[in-house]
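*Asks:* Whatever this is, show me its structure:
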Amino acid sequence: MNDFRTLDDLPDDLAGKKVLVRVDLNVPMDGAKVTDDTRLRAMLPTVLELSDRGAIVLLLAHFGRPKGEIRADMSTAQLVLPIHRLAGRSVRFIEDCAGPEAERAVTTMLPGNIGVLENTRFHFGEEKNDPELAQAMAALGDYYVDDAFSAAHRAHASTEGITHFLPSFAGRAMEAELRALGRALGDPERPVAAVVGGAKVSTKLAVLGHLVGKVDHLIIGGGMANTFLAARGVSVGKSLCEHELTGEANAIFDRAEQAGCTIHLPYDVVVAKELTPNPSSVRTCNVHEVQPDEMILDIGPAAVEALADVLKTCRTLVWNGPLGAFEVPPFDAATVALARTAAALTKEGSLVSVAGGGDTVAALNRAGVTQDFSFVSTAGGAFLEWMEGRTLPGVAALEQA
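*Replies:* You can find the predicted model right below:
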């Protein structure tokens, strides 16, 4: 998985060379204020390194879903100031990402300068991976660097098309992501455990189907676990459950058995009659004692302890999705407890832990352990598709480049 070129393969002296860097600028905003700058910080190492090496750094990105329409509220211009503040150097806005106006603007830039190109999705050709648009973008630069793993699952002009026209390299964030993913599922140290949580089995069927052939232990949590429990004949009361998918759940049990993968389901659970913070009806019970008017909202403490023991025997962990309704206390207890166990094992050097997906990042932040995992991916869709074993076009393009 590491057959791609990185910034180390570029010439040391990039003075005056124009480098197009595909970044992820999709940050949440409240008016003109960025409310979470994680993605902006992630690109800084690449941007600053190229700038320090004398390159003219041109940031390529989409922002929102304008569908080829030019919209002021989706202009990347509003990110120039936040990027300038984080980077600590001047950043200018370039009013297009291809064509004569962009070309003129770039000719006035000096070595080390940083420019933010206008939203790539203002062009219809971006999402269609139009080779003419890709070539017009490529005309602005001498080299292309992809530092946006979160956009790597889409074959667009700025992620895949452009690699056919310029020498292409992985940025530092992309490089870290690909190396971490390689360690987690490409060629991992065994035994390997995967935690897969979330509300619905339907959104993660492909992930589960792929993982049973890759991991030694599959820990299923969240609303998904209820569908697997129901498939095993357990009455789950009013719990969120996709009863129509119990056949698919049983097929995954069968595949796991053939592959020698152990599926872990909770045998004690935390239930309540309503999903509200600290409800009066909350109780912990054996999984076979759920009443018809109760819903399973978290994994119980005995199950968490057993899962912690499983992680202690493992060398690698991949985590996607919470174990319970973690946004509502006390149903965050299992996720927080198991995340802290994984973090402690990682710190002592016995476990490589890789986590990804929006809910997962929020859950690890809640547990206060994001810094202690080996790697936490901010990518949502791309991380899921990678867990499904799919080829990501943006990554494949770098490997072929």
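*Asks:* how near is Pro329 to Arg366?
*Replies:* 10 Å (Cβ to Cβ, to the nearest Å). The way it works is simple: take the backbone N, C-alpha and C, and place the C-beta from them, glycine included.
*Asks:* Compare those two and say which is more crowded by neighbours.
*Replies:* Arg366 (17 against 13; other Cβ atoms under 10 Å).
*Asks:* any idea whether the more buried one is helix, strand or coil?
*Replies:* What DSSP: H, G, I helix; E, B strand; the rest coil gives for Arg366 is helix.
*Asks:* And for Ala193?
*Replies:* Applying three-state DSSP: Ala193 is strand.
*Asks:* That one and Asp146: what is the separation?
*Replies:* Distance, Ala193 to Asp146, by Cβ to Cβ: 30 Å.
*Asks:* neighbour count winner among these two?
*Replies:* Asp146 (31 against 25).
*Asks:* quick one, phi psi at that one?
*Replies:* When read as degrees, to the nearest 10, the backbone of Asp146 gives phi -100, psi 120.
*Asks:* what's the distance between it and Cys314?
*Replies:* Distance of Asp146 to Cys314, given as Cβ to Cβ: 32 Å.
*Asks:* do the same with Gly324
*Replies:* Taken as Cβ to Cβ, the span from Gly324 to Cys314 is 21 Å.
*Asks:* check contacts around the nearest residue to Pro45 once chain neighbours are set aside.
*Replies:* Of all residues not flanking Pro45 in the chain, Arg172 sits nearest, at 4.3 Å (Cβ to Cβ, 6 or more residues apart in numbering). By Cβ atoms under 8 Å, 6 or more residues apart in numbering, Arg172 lies in contact with 6-7, 45-46, 49, 147.
*Asks:* got it, and Ala77?
*Replies:* So Ala77 contacts 93, 116, 118 (Cβ under 8 Å, 6+ apart).
*Asks:* That one: what secondary structure?
*Replies:* Per three-state DSSP, Ala77 ends up helix.
*Asks:* Would you check that Phe375 makes contact with Thr360?
*Replies:* No - the pair Phe375 / Thr360 is not scored as a contact, 11.9 Å apart, by Cβ atoms under 8 Å.
*Asks:* Those two: which is more packed in?
*Replies:* Thr360 (27 against 17).
*Asks:* ok, that one to Ala339 distance?
*Replies:* Distance from Thr360 to Ala339, counting by Cβ to Cβ: 9 Å.
*Asks:* Could you name every residue contacting both of these two?
*Replies:* Taking Cβ under 8 Å, 6+ apart as the criterion, Thr360 and Ala339 both touch Trp319.
*Asks:* that older thread, more neighbours: Gly324 and Cys314, which one.
*Replies:* Neighbours per residue, other Cβ under 10 Å: of Gly324 and Cys314, the larger number sits with Gly324, 27 against 23.
*Asks:* which SSE is that one in?
*Replies:* Using DSSP states H and E, no element contains Gly324; it sits outside every helix and strand.
*Asks:* Which residues are in contact with it?
*Replies:* Contact analysis of Gly324 by Cβ under 8 Å, 6+ apart lists 197, 221-222, 270, 297-299, 331-335.
*Asks:* can you rerun that using 10 Å?
*Replies:* By Cβ atoms under 10 Å, 6 or more residues apart in numbering, Gly324 lies in contact with 197, 221-223, 225, 266, 269-270, 296-300, 330-336, 363.
*Asks:* So which of those are in strands?
*Replies:* Of the positions in the contacts of Gly324, 269-270, 296-299 sit in strands, assigned by DSSP state E.
*Asks:* so which pair among those is furthest apart in space?
*Replies:* Leu297 and Ile299 (9.5 Å; Cβ to Cβ).
*Asks:* Mind checking which of these two has more residues around it?
*Replies:* A direct count of neighbours by other Cβ under 10 Å for Leu297 and Ile299 places Ile299 higher, at 33 against 24.
*Asks:* and that one, how far is that from Arg104?
*Replies:* Taken as Cβ to Cβ, the span from Ile299 to Arg104 is 59 Å.
*Asks:* again with Leu59
*Replies:* Distance from Leu59 to Arg104, by Cβ to Cβ: 18 Å.
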